[in-house]
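structure, please.
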Amino acid sequence: MAVTAAMVKQLRQATDAPMMDCKKALTECEGDFDKATEWLRDRGVSKAAKKSSRVAAEGSLGVKVSETFASATLAEINAETDFVAKNDGFKALVGNTVAQVFTTGVSTVDELHETGYETGKFSEYFTQEVARIGEKVEVRRFVTLNAGEHGAVNGYVHSNGRVGVLIAASCDSAKTAEAIAPILKNISMHAAAMKPKVLSNTEFDAAYVQEETIGRIEAIKKENEELGRLGKPLKNVPLYISMSQLTDAVMTEAEDAIKEELKASKKPEKIWDKIIPGKIERFVADNTTLDKELALLDQVYVLDDSMTVAQALTKEAKAHGGTAEIAEYIIYELGEGIEKKEEDFAAEVAAQMG
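Numbers count the residues shown, from 1 in each chain. Sure thing, here's the model as predicted:
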């Protein structure tokens with residue numbers, strides 16, 4: 001069967017494959033449109049296999065939140081270049097992939113590719129789109145959070161697609177859960193900007209905290225040496241860096257030291273109860289710097305620096321007559337943990353020419 005220009009044009013419009021490839025596909029398949037489409041799809045698989053050794057560390061994150069805030073999905077889809085990540089076709093693939101995960105409730109990439117999509121499997125759709133895009137693209141990871149009874153979930157992906165967050169909260173009632181959904185979005189935006197590593201300081205490993213304590217104290221001491229040489233005020237050297245270290249014994253010792261200080265300065269004992277709480281608060285602030293940097297609940301809330309994230313959520317829930325607390329926090333950073341290869345461009349060109 002003769003292959004006409006109209007047939008080639010139709011196949012190109014349907015597959016977005018190069019013109020010469022479309023002509024070859026139709027010729028090989030004797031003008032059968034469906035077989036030609038499959039031929040191009042298989043060729044896309046072949047191309048992808050040739051690129052399998054390349055590292056896909058760029059791409060984008062995507063998020064989908066249910067209208068009722070009962071569940072939400074966050075996914076990372078990787079590509080080889082930032083240029084492709086900005087392509088409309090790639091953005092559509094990200095959106096459709098997140099939606100498929102959200103709808104099917106799968107928990108692994110293999111399960112995702114086996115799910116039904118349009119007239120076949122999702123893997124067939126994904127492979128076809130990757131062939132159009134023209135470089136290695138892969139679903140790296142995803143997660144879906146379900147709020148449960150009297151809970152809410154919300155999420156956010158930064159406009160550049162490189163940081164994404166999901167936050168789930170448990171509440172005293174369905175009414176409170178509905179009311180706090182907007183602030184969960186705001187807290188997700190806060191987390192995307194501040195990038196806390198854990199939800200609470202209780203998640204820090206004791207050995208890690210000890211190592212950080214030693215390192216941070218030494219860093220401040222060295223900084224103070226330079227400040228001293230310049231005749232500038234010295235920074236306070238903390239004893240601790242996390243609330244996890246402030247045991248009852250530590251707090252009792254701190255309060256006793258404050259009392260001794262007040263006694264030495266001859267402050268009347270009858271006013272100590274007005275002074276001590278403020279000094280205790282300052283002691284805690286000076287000795288929890290790790291928490292403020294890396295624990296979401298302890299960070300200063302970017303939309304109101306007079307309170308922490310935990311306090312902001314409590315205030316919002318209370319305004320609606322209820323209570324709420326963050327139950328789960330997930331943050332994805334694009335390409336996190338992927339080791340990028342150093343590309344030898346000249347060698348790659350020489351290999352392709354060969």
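
helices along the protein, start to end?
5-15, 19-28, 33-50, 82-85, 88-104, 109-114, 122-133, 174-194, 206-229, 248-264, 272-286, 289-294, 309-319, 345-353 (DSSP state H).

the ones you listed: lowest mean pLDDT?
When those are compared by mean pLDDT, helix 345-353 comes last with a mean of 47.

show me the contacts for the closest residue to Thr104 other than its chain neighbours.
Computed as C-beta to C-beta, 6 or more residues apart in numbering, the closest residue to Thr104 that is not its neighbour in sequence is Thr115, at 4.7 Å. Where C-beta positions appear, they are placed from N, C-alpha and C, glycine not excepted. Residues near Thr115 by C-beta atoms under 8 Å, 6 or more residues apart in numbering: 100, 104, 106, 121-122.

how about a cut-off of 10 Å?
Thr115 makes contact with 100-101, 103-106, 121-123, according to C-beta atoms under 10 Å, 6 or more residues apart in numbering.

what's the closest of the helices of the chain to Pro238?
helix 272-286 (5.2 Å; C-beta to C-beta).

which other helices and strands contact the closest one?
helix 248-264 (3 or more C-beta pairs under 10 Å, 6 or more residues apart in numbering; DSSP states H and E).

and the angle from the helix it packs on to helix 272-286?
Angle, helix 248-264 to helix 272-286, by axes from the mean of the first three to the mean of the last three C-alpha atoms, to 10 degrees: 130 degrees.

next one: helix 248-264 to chain centre, how far?
42 Å (C-alpha atoms, centre = their mean, to the nearest Å).

repeat for stretch 286-293
Counting by C-alpha atoms, centre = their mean, stretch 286-293 comes out at 22 Å from the chain centroid.

quick check, pLDDT for Gly335.
88.

quick check: the gap between the residue lying closest to Thr288 once chain neighbours are set aside and Gly337.
Sequence neighbours aside, Met243 is the residue nearest to Thr288 in space, at 5.1 Å (criterion: C-beta to C-beta, 6+ apart). Going from Met243 to Gly337 by C-beta to C-beta, to the nearest Å gives 28 Å.

who has more neighbours, the two?
Met243 (19 against 7; other C-beta atoms under 10 Å).

how much space separates the more buried one from Ile331?
Note on Met243: its distance to Ile331, by C-beta to C-beta, is 21 Å.
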